[in-house]
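Student: this one's sequence-less:
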């Protein structure tokens, strides 16, 4: 690369070269990061559905089972209260269950992501945040498949479309940001203390009772506000409002959730970066 | 700055001995115990130890730099610090350029994925972009020689195929700085050979190599400079010959437990035509000086000389008695010297020398010291195996068929 030139010109060229090299290096780093996340997410997806008869259908089946559970709860409630089951209600449950299933799976998967890749963490240098990010991304791919299926079902049952659907990407982005933030926190936490893994499992199992997934948030009565403090709740309620009821989500609560999600994402990333040098030693 | 690829300045690394609390269940009682009986538990500070201490060196661009030392000397820790996997407790590590590591060849493989898929996965993990891999894919596959199996899941591969594919990917990353840790310990002879050839090739392309190995022959062969680590400190640095020799002198000498032996081998050194040496060329003449010391008087003794290859397989042995020298007697406190001249018709590689003092008529071996010295053999010709039979090609032509006889 380096050859002898006229000294002054050589210096100028060297300066330009260095600047160019820096830009190229940074570009490479970004591309490398992107490719790593994509490859790891792709690997997780491939492995999940390899040697299984149903294959990628599981991406639809799993959320379908969750929706089924929600629908069962609805029928149970209607039998108990004597009121007939409303199809709109079923649609609301479905619209809330699918993102909930994504959130839950993301957290579980991201929490384990560093431990599961321990050989890579201790043997090769990688920007380690790619592990939780790829974990969330691979779940997001499943979520996309499930959402597309749900969209088809809703369209066929005559749910209709309106401008309020434009809220959906924003709310989903909030949910992804929250998953990423929590995922980074929890993956680092689980690396230091394996208990985190079990705590996450327990909390997630019971969280469905404290989150308005299968029920409307009004069921919490005077604790409605408390229930909505859970940052996932306003996002789910907002999604149901936008998709099924065709009304603008509650902006105050939605922005609260978005704020918490973004803050969580930033704090998660900072904490992760801070702890990263200890990963290889403490795993 | 431009010609320094790796700069390590005053680097120290501290580790803790023993188990860390990795579950809250262990952590809470431990805290409690500490609060109750503060004085009786070993203080954390006393459980800490320095894996590396005040290490400084630089590696020039395009240079191969070897790191040797016994187990626990800090070699792998050093490589992990340079590789950015660990962060030094003190000091700084600066790398100029893109770094890649050839550490445990198949850490990044997933058994359920096919060879093709794993090339992409492992390649990205080692720092290539997908475009890079797509461009080099055919070269990588050809290098591995696994064209037929490239769409088979790697869990069905033999361990040799696994290693070959892993190395093929790693060898094509083309970084500015390459870290190599003990890759030569896996794979068969041909594979090791191929690793070395590829590293030499990469070196010619201007890549800087940091090479950690127990294979002293490979280190001496490849590296222009070698660093000897001993319990986290630099014991020696410089040209490979003297450093390797210093290591061998350290490693092989001084650690012998003589017990209550009546007679023992007290010294064994190897000389070349230019004095004491470790590295020889195949076919060189070497003199082995053996010194025997007696604590009580012994009779009818002779000295046996052994040569072993790297896997401790006997290559050659002889004894002064078998060579027709008869036996000797020693009084308490008396020493005996014997020098044996050898023609080293050995193939390139590492060999170990040792000696024993024996009395044949009562089948008694008083002392055996093996390995006592190391021979690093190199050769001009590419001959492999144990012995160098000094081949010369004296005929090299196709069969003279009927057509060619017509033409003539």
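Tutor: Received, thanks. It should be emphasised that the depicted structure is a prediction, and the values quoted were computed from it without experimental measurement. Numbers count the residues shown, from 1 in each chain, chains lettered A, B, ... in the order given.

Student: output the contacting helices and strands for the lengthiest helix in chain A.
Tutor: In chain A, with assignment by DSSP state H, the single longest helix is helix A:7-49. Packed against helix A:7-49, as judged by 3 or more CB pairs under 8 Å, 6 or more residues apart in numbering or on different chains; DSSP states H and E, are the following elements: helix A:58-81, helix A:130-156, helix B:115-125, helix B:130-144. To be clear about C-beta, it is placed using only N, CA and C from the backbone, and glycine gets the same treatment.

Student: and these as TSV, adding mean pLDDT, distance to residue A:272 and mean neighbour count?
Tutor: Below are the helices and strands packed on helix A:7-49 laid out as TSV (pLDDT from 0 to 100; distance: least, CB to CB, whole Å; neighbours: other CB atoms under 10 Å in any protein chain shown):
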stretch	mean pLDDT	distance to residue A:272	mean neighbour count
helix A:58-81	83	28	16
helix A:130-156	92	8	20
helix B:115-125	92	19	24
helix B:130-144	91	25	16
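
Student: in CSV, list the ones you listed along with distance to residue B:313.
Tutor: Formatted as CSV, the helices and strands packed on helix A:7-49 follow (distance: least, CB to CB, whole Å):
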stretch, distance to residue B:313
helix A:58-81, 54
helix A:130-156, 45
helix B:115-125, 34
helix B:130-144, 30
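
Student: which one of the ones you listed lies nearest to residue A:20?
Tutor: Smallest distance to residue A:20 across the helices and strands packed on helix A:7-49 (CB to CB): 18.8 Å, for helix B:130-144.

Student: before we move on, the earlier item: got the angle for the longest helix of chain A vs helix B:130-144?
Tutor: Helix A:7-49 and helix B:130-144 are oriented at 80 degrees to each other (axes from the mean of the first three to the mean of the last three CA atoms, to 10 degrees).

Student: now helix A:7-49 and helix A:130-156, what's the angle there?
Tutor: 60 degrees.

Student: pull the distance from helix A:7-49 to the chain's centre.
Tutor: The chain centroid and the centroid of helix A:7-49 are separated by 26 Å under CA atoms, centre = their mean, to the nearest Å.

Student: quick one: it to helix B:115-125, angle?
Tutor: 130 degrees.

Student: and helix A:7-49, average pLDDT?
Tutor: Taken as a whole, helix A:7-49 carries a mean pLDDT of 78.

Student: just for the stretch 201-350 of chain B, where's the confidence low?
Tutor: By pLDDT under 70, the low-scoring segments of the stretch 201-350 of chain B are B:251-256.

Student: for chain A, give me its nearest residue in it.
Tutor: residue B:206 (8.7 Å; CB to the nearest CB).

Student: for residue 77, which non-adjacent residue is spatially closest?
Tutor: I went with chain A, as the question did not name one. residue A:215 (7.8 Å; CB to CB, 6 or more residues apart in numbering or on different chains).

Student: was after chain B, sorry
Tutor: Using CB to CB, 6+ apart, the closest residue to residue B:77 is residue B:51 (4.5 Å).

Student: from residue B:232, how far out is residue B:52?
Tutor: 5 Å (CB to CB, to the nearest Å).

Student: my error: substitute residue B:123 in the last question.
Tutor: For residue B:123, the distance to residue B:232 - CB to CB - is 34 Å.

Student: then residue A:157?
Tutor: Counting by CB to CB, the gap from residue A:157 to residue B:232 is 70 Å.

Student: and those two? which has more neighbours close in?
Tutor: For residue A:157 versus residue B:232, neighbours defined as other CB atoms under 10 Å in any protein chain shown are more numerous around residue B:232 (21 against 13).

Student: ramachandran coordinates for the more buried one?
Tutor: Note on residue B:232: backbone dihedrals following degrees, to the nearest 10 are phi 80, psi 0.

Student: I'd say it and residue B:53 touch.
Tutor: Yes. Using CB atoms under 8 Å, residue B:232 makes contact with residue B:53 at a distance of 4.7 Å.

Student: that older thread, shared neighbours of residue B:52 and residue B:232, anything?
Tutor: B:13, B:74, B:77 (CB atoms under 8 Å, 6 or more residues apart in numbering or on different chains).

Student: could I get those as CSV with neighbour count, secondary structure and pLDDT?
Tutor: Below are the shared contacts of residue B:52 and residue B:232 laid out as CSV (neighbours: other CB atoms under 10 Å in any protein chain shown; DSSP: H, G, I helix; E, B strand; the rest coil; pLDDT from 0 to 100):
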residue, neighbour count, secondary structure, pLDDT
B:13, 23, strand, 90
B:74, 23, coil, 87
B:77, 21, helix, 88
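
Student: hang on, the earlier thing: what number of residues lie near the residue nearest to residue A:77?
Tutor: 19.

Student: kindly report the same for residue B:53.
Tutor: Residue B:53 - counted by other CB under 10 Å - has 18 other residues nearby.

Student: can you name the residue of the stretch 151-283 of chain A nearest chain B?
Tutor: Counting by CB to the nearest CB, the stretch 151-283 of chain A gets nearest chain B through residue A:277, at 3.9 Å.

Student: if we ignore the residues flanking it in sequence, what's nearest that residue?
Tutor: Closest to residue A:277 by CB to CB, 6+ apart is residue B:87, at 3.9 Å.

Student: from residue B:294, how far out is the one you found?
Tutor: Distance from residue B:87 to residue B:294, by CB to CB: 56 Å.

Student: just residue B:81 next, same as before
Tutor: 50 Å.

Student: how about the residue nearest to residue B:77, what does it touch?
Tutor: B:13, B:14, B:15, B:74, B:77, B:232.

Student: flag every residue of the stretch 51-200 of chain A that's near chain B.
Tutor: A:51, A:119, A:120, A:122, A:123, A:124, A:125, A:126, A:192, A:193, A:194, A:195 (CB under 8 Å from any CB of the partner chain).

Student: ok, of these, which come out buried?
Tutor: A:120, A:122, A:123, A:124, A:125, A:126, A:192, A:193, A:194, A:195 (16 or more other CB atoms under 10 Å in any protein chain shown).

Student: tell me the contacts of the fourth one?
Tutor: For residue A:124, the contacting residues are B:83, B:85, B:101, B:103, B:107, B:108, B:125, B:126, taking CB under 8 Å, 6+ apart as the criterion.

Student: just residue B:12 next, same as before
Tutor: B:50, B:52, B:53, B:54, B:55, B:88, B:89, B:90, B:91.

Student: check the gap between the nearest residue to it once chain neighbours are set aside and chain A for me.
Tutor: Counting by CB to CB, 6+ apart, residue B:12 lies nearest to residue B:90, which is 4.3 Å off, once chain neighbours are set aside. Note on residue B:90: its distance to chain A, by CB to the nearest CB, to the nearest Å, is 13 Å.

Student: for residue B:90, what are its contacts?
Tutor: Taking CB under 8 Å, 6+ apart as the test, what residue B:90 contacts is B:10, B:11, B:12.

Student: 10 Å instead?
Tutor: Each residue near residue B:90 by CB atoms under 10 Å, 6 or more residues apart in numbering or on different chains is listed here: B:9, B:10, B:11, B:12, B:13, B:14, B:50, B:52, B:53, B:54.

Student: for residue A:239, same thing?
Tutor: A:92, A:95-96, A:98-100, A:167-168, A:171-172, A:174-175, A:249, A:254.

Student: need those residues in TSV with pLDDT and secondary structure, can you?
Tutor: TSV is the format used below for the contacts of residue A:239 (pLDDT from 0 to 100; DSSP: H, G, I helix; E, B strand; the rest coil):
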residue	pLDDT	secondary structure
A:92	89	helix
A:95	91	helix
A:96	92	helix
A:98	92	helix
A:99	94	helix
A:100	94	helix
A:167	93	helix
A:168	94	helix
A:171	95	helix
A:172	96	helix
A:174	96	helix
A:175	96	helix
A:249	91	coil
A:254	94	helix
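
Student: now the helices for the stretch 101-250 of chain A?
Tutor: For the stretch 101-250 of chain A, applying DSSP state H, counting those that start in this stretch gives helices covering A:118-123, A:130-156, A:167-192, A:195-210, A:224-229, A:232-240.

Student: next, the angle helix A:130-156 makes with the third one.
Tutor: An angle of 150 degrees separates the directions of helix A:167-192 and helix A:130-156 when computed by the same axes, to 10 degrees.
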